[in-house]
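A.B. asks: This is a predicted model, with the sequence first.
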Amino acid sequence: MALFKLHVPILDDIKTKGWRSALVATVDQTVERITAGINVGEIRSILRGDAPQRPNPRVKPHADGFWMHMRPTFFHEQVMSLYPTFRLGWLTTYMLVFETITGLFLMLWYTPSPDIAYTNMLSLLSNVPFGLFMRDLHRLGAELMVMLVLLHMLRTFVTGSYKKPRQFTWFTGGVLLLLTLFLSFSGYLLPWDQLALWAVTIGASMAEATPVVGREVNLLVRGGADIGANGLLRFYLLHVFALPLIAFIFVGVHYYKVIIHGHSLPPGAEKVGEDTARKVPMERRMYFLPDVMTRELFWTVGWLALMVFMVTWGGWHAPLEPHADSQITPLHTTAPWYFLWLQGMLKLGDKVFFGVILPGILSGLLFVMPYLEVGPSRRYADRRVGLSIAALTVVIMSLLTFMGTPYYGVSSSPDQEVLTTLAPQTHPGLLRGTAYDELPVGDWVASGWNNAPSQGLQAVLQLYNKEIERYSDELVNAKGKMSITEIQAGLKQVTMQLEWEDNGAQASEPVIVYLHRDSGYEH
Amino acid sequence: MTAQALQTPVVAPLSRREFLYYIWGASMTLFMAQMGGAILWFSFPRFKEGEFGGIITVPVTDIPAADSGPKDLPDARVWLVNLGAGRLSDPRQPADYPVQTGVKALYKICVHLGCLYKWAPANDRFECPCHGSKYLASGSRVDGPARRNLDAFPIEFVDADGKVLASSAPTGAAGVNENAALEVPKGAVALRINTAFRVEGASNTLPGGGL
C-alpha cells in the first residue's frame, strides 16, 4: 500500500488532449473552485447578458460558497428599484467596510498617546501623500454612516418593514445604530484636539449621571479622573478593536435575518397580513448573480465618487482644532451633531432624568417597538397614527438638535460672547480668516468700521459692531477696541478689548490673536 | 395490565444528569462572574499619593486675600476661594445655602457635564463655557442647567510640625450636605486638600438658585 498517492490531473490531460485544451480545462476548473460553482463559460455568459439556464447554475455559489451564502439567491423585482429600500442598508454596510479599510491605513501614521497624537495629525495633513485625503474620507464616511443608519431606520419604519416576522431584524438594527454612534463618537477623541477632548468630556459626564454605577462607569471609560493618556488609549482600543468586532458580528446576524425573511415588498404589493417575500414567482425573480450584484456595485461606485468629490472639489474637510488643553474649555463646546438632541434635552433640566433616564426609556422603546406595535397592516393608509408619530419624532429631534447648539440658551458674559464671535475657540472665524495684508497696523474701533482702510478690516469691524449692538442692553455705551501691531516681520498681534458702562466704567479681559503671514486660515 | 403499567417510563422531577448539568452551569456562571469582577478591578484607574486623586499640600501663601478673585490650582484641579464679609452680604447668594467666611477648595469641573468653568471678573462669578451654568464664589449655583452647587474637596490646615489645626466639617444647615468654609487658623503654614473624597454640592434647581 502506497503511503500517499500524488496525482496531477493536468499531466493526464496533456497526454490525452494536448497542451492547449489541457490548460484551458485546468483554468476552467480552478475558476470554478474559486467561485464555488461558476466556470469561465458561465462567467462569459453572465457578462454577455444571457438569460440563465434552467436549473440556474448561478445559484450554486450561494449554497456552496462562504461569501455568497450571506446574500439571498434572488430578490423580488419590486424591491429592486430605488423605492422602497433606497439602498440605505447596502450603503451603510459599504460604509462599515470602507471605514475599516481607511481606518487601517490611518493607523499606519497614528500613535494613541497625548504626547504625539496631535503631531501625528499635523504630519498626516502636511507631510504624508494623500494624508489629508485619507483622513477626510474616513471622517466623512463616519458622518455619512451615522446619517445612512438613521435614514435606513426611518425608511424601515415608514414602509412597516419591522412588522412580523422581521421584529428581531429591527432589534439587531437598533444594536447596530448604537454601535455606529459609539464607533463614531470614540473616534472623536483620537486627534487629541480641543474638539476631541471636550466633546468626549461632555459625553463621559453624561455617563457619570447614571444612577448608582455612574461614577464607576466614568472611571472605567476615562481611565482616570479626567481624560488623559489612559482615556485616549481606552477610546483607541474601543474604536479600532472592540466596537468594530461587535459591529461585524451584528451585521452578520442582521444579514442572516434578511436571508431568512427576504426583503419586504412595498406595502401595497401584497395583501394585508401576508408576507410573500420568500414566495417569489419565477417570472418576477431577479437573481443576485449578476443583476443585483451589478446594481450594488454601481451604487457603491457612485457613492464613493460622491465622497471623493466632496473632499476634493466640494471642499469638505475633517475639522482639526488646536491641541487639546485640559485646562481650557473652549466657549461654545458641543457634542457631535448626532448627540446634540441629547445636549438639547440636558438644557431642559435634571441631567439624571433628561440625560440618562428619559433617553434610556426612549431608546429601550425603540428596540422593542416591533413587539409592541403589532398592527397587521403595512399600508400607509392603515397606519396614520404610527406615521404621524414618526413625523412628530423627526420634528422633535430636529428641534432638540437645534436646542443643543450654542444658539439656544447658552450665555456667557456679553463681552466674552462678542469677542468669541470674532475669535472663536473652536474654529478659525472671520478675523483669522482675513488675509494678512488686509489687517493694517493701527488702533481701530468697531463703530468706525465704515472708515477702515481695507475691505477685510471693514468686514471684521462691521461684525464686531453688529455683535456689540446685539448686546446693547447689557453693554451700555460700549466701545469695541482693536489694536493691530506687527510684532515681528510677518507676525501680527491683534488685541481686542471691550469697554462699557455698568455702575462705572468696565473693561473686558483683552483677547489676543496672533496671525502669521503664512497661517493660511483664509484658505 | 400490570405489565403495561410497569413499562410506562417514570419521569423523575429531576434526573441526576439534569441536576449535574445545572450545578455545572451554576459553577461556570459563578466563575465567569468572578472573571468579570477581576477584569473590572483590573480596568479601574490607579491613583497615587501627591497626584490628583491623593492629598495635595499647598502653602498658606497660595490662599488669595479675602473677597478677592479665586486662585487657580491646576495640579489639584481646584479653584481656591477665600470668602470674606463681602461675600456674606452678596445679594445674589441664595438664602438656602448659608455662607461662612473662610477658605473653600472648589473642584474645577462644572457639575453639569464636566467642562471647566472659568472665573469671569466682569460678572464676579464662575461661568461655564459649555452650557452656561453660573456659580458664585461661594460655590452656589445661580443660573444655568447645572442642578447642584459646585463640588468641593475636604481641606485641613497644618502647622510647621504637621499638626492638624483645623479641618472642614459639614455646614449643619438643614438639607445642605456641604462642607463649611474654613477660616485660616493662627500658626497654619500649609493647606492640605484631599482630592480623593469629593463632597458633592447641595441640590440646587430653582432659577436664580435655591432648593
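C.D. replies: The structure has been received and is ready for your questions. Residues are numbered from 1 along each chain as shown, chains lettered A, B, ... in the order given.

A.B. asks: Point out the residues in the stretch 101-250 of chain A that sit beside chain B.
C.D. replies: Listed as neighbours of chain B in the stretch 101-250 of chain A under the rule Cβ under 8 Å from any Cβ of the partner chain: A:198, A:201-202, A:204-206, A:208, A:216, A:219-220, A:222-226, A:230. Every C-beta, even on glycine, is put in place using the N, C-alpha and C of the backbone.

A.B. asks: now those residues: which count as buried?
C.D. replies: A:198, A:201-202, A:204-206, A:208, A:219, A:222-226, A:230 (16 or more other Cβ atoms under 10 Å in any protein chain shown).

A.B. asks: Just put those in CSV and tack on distance to B:Glu183 and secondary structure.
C.D. replies: CSV is the format used below for these (distance: Cβ to Cβ, whole Å; DSSP: H, G, I helix; E, B strand; the rest coil):
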residue, distance to B:Glu183, secondary structure
A:Trp198, 36, helix
A:Thr201, 34, helix
A:Ile202, 37, helix
A:Ala204, 36, helix
A:Ser205, 33, helix
A:Met206, 38, helix
A:Glu208, 33, helix
A:Leu219, 34, helix
A:Arg222, 35, helix
A:Gly223, 38, coil
A:Gly224, 33, coil
A:Ala225, 29, coil
A:Asp226, 31, coil
A:Asn230, 38, helix
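
A.B. asks: so where do the helices sit in chain B?
C.D. replies: B:2-7, B:16-43, B:85-88 (DSSP state H).

A.B. asks: any chance you could map the helices in the stretch 151-300 of chain A?
C.D. replies: A:167-188, A:194-208, A:214-222, A:229-237, A:243-261, A:293-311 (DSSP state H, counting those that start in this stretch).

A.B. asks: Turn the ones you listed into CSV, columns for mean pLDDT.
C.D. replies: Output for those, formatted as CSV (pLDDT from 0 to 100):
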stretch, mean pLDDT
helix A:167-188, 95
helix A:194-208, 84
helix A:214-222, 84
helix A:229-237, 94
helix A:243-261, 96
helix A:293-311, 95
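
A.B. asks: what's near enough to touch A:Thr26?
C.D. replies: A:9-10, A:13 (Cβ atoms under 8 Å, 6 or more residues apart in numbering or on different chains).

A.B. asks: let's go with 6 Å and repeat that
C.D. replies: A:Ile10 (Cβ atoms under 6 Å, 6 or more residues apart in numbering or on different chains).

A.B. asks: any idea which element it lies in?
C.D. replies: Counting by DSSP states H and E, the element that carries A:Thr26 is helix A:19-34.

A.B. asks: in that helix, what counts as buried?
C.D. replies: Result for helix A:19-34 [16+ other Cβ under 10 Å]: buried residues A:22, A:32.

A.B. asks: Same check on stretch A:315-331?
C.D. replies: Neighbour counts over stretch A:315-331 (16+ other Cβ under 10 Å) mark A:318, A:320-321, A:323-324, A:326, A:329-331 as buried.

A.B. asks: how many neighbours does residue 65 have?
C.D. replies: All of this is about chain A. By other Cβ atoms under 10 Å in any protein chain shown, the residues close to A:Gly65 number 15.

A.B. asks: Chain B is the one I meant
C.D. replies: Neighbour count for B:Ala65, taken as other Cβ under 10 Å: 9.

A.B. asks: Over to B:Thr205?
C.D. replies: Neighbours around B:Thr205, by other Cβ under 10 Å: 13.

A.B. asks: cool, the one 4 residues further on as well?
C.D. replies: With neighbours defined by other Cβ under 10 Å, the count for B:Gly209 comes to 21.

A.B. asks: Could you report the pLDDT at it?
C.D. replies: Note on B:Gly209: pLDDT of 80.

A.B. asks: Report the separation between it and chain A.
C.D. replies: As for B:Gly209, its distance to chain A is 15 Å (criterion: Cβ to the nearest Cβ, to the nearest Å).

A.B. asks: chain center to stretch A:204-224: distance?
C.D. replies: Centre-to-centre, stretch A:204-224 and its host chain are 25 Å apart (Cα atoms, centre = their mean, to the nearest Å).

A.B. asks: what sits against the residue of chain B found nearest chain A?
C.D. replies: Nearest residue of chain B to chain A (Cβ to the nearest Cβ) works out as B:Gly114 at 3.3 Å. By Cβ under 6 Å, 6+ apart, the contact list for B:Gly114 reads A:201, A:205.

A.B. asks: now swap in B:Ile155 and tell me
C.D. replies: Contacts of B:Ile155 by Cβ under 6 Å, 6+ apart are B:105, B:168, B:182, B:191, B:193.

A.B. asks: So what's the residue count around A:Arg44?
C.D. replies: So A:Arg44, with other Cβ under 10 Å, has 10 neighbours.

A.B. asks: Got the phi and psi for B:Pro45?
C.D. replies: Dihedral pair for B:Pro45: phi -70, psi 150, per degrees, to the nearest 10.

A.B. asks: thought A:Pro72 was touching A:Val258?
C.D. replies: No. Under the contact definition of Cβ atoms under 6 Å, A:Pro72 does not touch A:Val258, with a separation of 7.0 Å.

A.B. asks: Mind checking which of the two has more residues around it?
C.D. replies: Neighbours per residue (other Cβ under 10 Å) separate A:Pro72 from A:Val258, with A:Pro72 holding more: 21 against 17.

A.B. asks: ok, now how distant is that one from chain B?
C.D. replies: The value you get for A:Pro72 to chain B, if Cβ to the nearest Cβ is used, is 37 Å.

A.B. asks: My reading is that that residue lies in a helix. Confirm?
C.D. replies: No. The assignment for A:Pro72 by DSSP: H, G, I helix; E, B strand; the rest coil gives coil, which leaves it out of any helix.

A.B. asks: To A:Val460, which of the helices of chain B lies closest?
C.D. replies: With Cβ to Cβ as the criterion, A:Val460 lies closest to helix B:85-88 of the helices of chain B, at 39.5 Å.

A.B. asks: Quick check: mean pLDDT of that closest one?
C.D. replies: 87.

A.B. asks: which other helices and strands contact that helix?
C.D. replies: If you count contacts as 3 or more Cβ pairs under 6 Å, 6 or more residues apart in numbering or on different chains; DSSP states H and E, helix B:85-88 packs onto no helix or strand.

A.B. asks: re the thing from before, could you list which of the contacts of B:Ile155 belong to strands?
C.D. replies: Counted as lying in strands by DSSP state E, out of the contacts of B:Ile155, are B:105, B:191, B:193.

A.B. asks: burial measure for the last one, as a count.
C.D. replies: Okay, so that is B:Ile193. Residues near B:Ile193, counting by other Cβ under 10 Å: 25.

A.B. asks: That one and B:Leu73 touch, don't they?
C.D. replies: No. Counting by Cβ under 6 Å, B:Ile193 sits too far from B:Leu73 to count as a contact (7.7 Å).

A.B. asks: Distance to B:Leu20 for the buried residues of stretch A:315-331 - can I get that in CSV?
C.D. replies: Shown next, in CSV, are those (distance: Cβ to Cβ, whole Å):
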residue, distance to B:Leu20
A:Ala318, 58
A:Leu320, 61
A:Glu321, 61
A:His323, 61
A:Ala324, 56
A:Ser326, 56
A:Thr329, 59
A:Pro330, 62
A:Leu331, 65
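
A.B. asks: Out of these, which is nearest to A:Gln194?
C.D. replies: For those, the nearest to A:Gln194 is A:Glu321 (4.2 Å; Cβ to Cβ).

A.B. asks: and that closest one, helix, strand or coil?
C.D. replies: Classified using three-state DSSP, A:Glu321 is coil.

A.B. asks: That one and A:Asp193 touch, don't they?
C.D. replies: Yes. With contacts counted by Cβ under 6 Å, A:Glu321 reaches A:Asp193, the gap being 4.2 Å.

A.B. asks: I'm done for today, thanks for sticking with me.
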